[in-house]
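Asker: Sequence unavailable; structure follows:
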């Protein structure tokens, strides 16, 4: 089974973005570990076994469906018929969970804690957060960023998003200041923008831990906070969609649910007709 997985992963890596590859590879490995544990050969796996595995994991219905899809694609690669995952469906969760955004107080504390480190490493970490919060970049986009992608004259940066799709996003004044300052420490014009002590391109996983540990806030929450605060400030949803690189407006519309939830809470706490 190990050889089959390795062959599948080689093919999968060529088809999908890095983050998608990591997620799907993890799902397949987890399932294969499960059937090895229960001593069942991959060729005789039944629908009941797949369902039992999926129901044994304490996650949302949509996450179970995503797991099932990853396993289904693996069986399709193996050309096993009938595909044991065929027909397995989980109903959508009735309520879409809202992002638990950090409070403005926590965001200020996070920014302040990074600002205190005046070293070159501290500056690098501040730029990670500034680009995630100020320009809405994902951590994989931060990892892919090159020096030549940055245009300080137009105060913008070329971002390579999911599926290799490129978009140009504006830089905040704080980001521009930080980038200019970084040239004193690292006067290069080509190559990866965020590098390790060894001068190598930083991996998304390394960016995750650095941003989380230095600011106390996970990278994707900085991105969510960027979109939510822009929406609260009156920004058009289509502009936020373009900034974040969402293919569908429905993906961006989750932020309208956040503001509606805040409005509901505000009414309940302040309106006389909502008080007991």
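Answerer: Good, I have the coordinates. Model, not experiment: these values are computed from the prediction.
Asker: what's the spacing between the longest helix along the chain and its chain's center?
Answerer: Ordering each helix of the chain by length in residues (DSSP state H) puts helix 18-37 first. For helix 18-37, the separation from the chain centroid amounts to 18 Å (computed by Cα atoms, centre = their mean, to the nearest Å).
Asker: Show me where the protein has its strands.
Answerer: With DSSP state E applied, the chain shows strands at 150-151, 156-160, 166-170, listed in chain order.
Asker: residues in contact with the shortest one?
Answerer: It refers to strand 150-151. The contact list for strand 150-151 (Cβ atoms under 8 Å, 6 or more residues apart in numbering) reads 157, 158, 171, 179, 193. In short, each C-beta sits where N, CA and C put it, glycine included.
Asker: Redo these as a markdown table? Include distance to residue 225 and neighbour count.
Answerer: What follows is the contacts of strand 150-151, written out as a markdown table (distance: Cβ to Cβ, whole Å; neighbours: other Cβ atoms under 10 Å):
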| residue | distance to residue 225 | neighbour count |
| --- | --- | --- |
| 157 | 19 | 23 |
| 158 | 23 | 14 |
| 171 | 17 | 21 |
| 179 | 21 | 20 |
| 193 | 22 | 24 |
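Asker: ok, which pair from those is furthest apart?
Answerer: Largest separation among the contacts of strand 150-151 by Cβ to Cβ: 158 and 179, giving 13.7 Å.
Asker: hey, what's residue 157 bridged with?
Answerer: Residue 157 has these beta-bridge partners by DSSP bridges: residue 150, residue 169.
Asker: roughly how far apart are it and residue 86?
Answerer: Per Cβ to Cβ, to the nearest Å, residue 157 is found 44 Å from residue 86.
Asker: what does residue 8 give?
Answerer: For residue 8 relative to residue 86 (Cβ to Cβ), the value is 18 Å.
Asker: now do residue 171
Answerer: Plainly put, residue 171 is 48 Å away from residue 86 if you go by Cβ to Cβ.
Asker: Now for the spatially closest residue to residue 41 that is not a sequence neighbour: which residues touch it?
Answerer: Closest residue to residue 41 apart from its sequence neighbours, by Cβ to Cβ, 6 or more residues apart in numbering: residue 35 at 7.8 Å. Applying Cβ under 8 Å, 6+ apart to residue 35 gives the contacts 41, 42, 45, 49, 53.
Asker: Does the second one touch residue 33 like I think?
Answerer: No - between residue 42 and residue 33 there is no contact, the gap being 11.9 Å when judged by Cβ atoms under 8 Å.
Asker: the more surrounded of these two?
Answerer: residue 42 (17 against 10; other Cβ atoms under 10 Å).
Asker: Model confidence score at the closest residue to that one other than its chain neighbours, please.
Answerer: Spatial nearest neighbour of residue 42, chain neighbours left out: residue 1 (5.5 Å); criterion: Cβ to Cβ, 6+ apart. pLDDT recorded at residue 1 is 74.
Asker: And for the nearest residue to residue 218 once chain neighbours are set aside, the neighbour number?
Answerer: Leaving aside its sequence neighbours, residue 218 sits nearest to residue 212 (Cβ to Cβ, 6+ apart; 5.2 Å). Residues lying near residue 212 (other Cβ under 10 Å) number 14.
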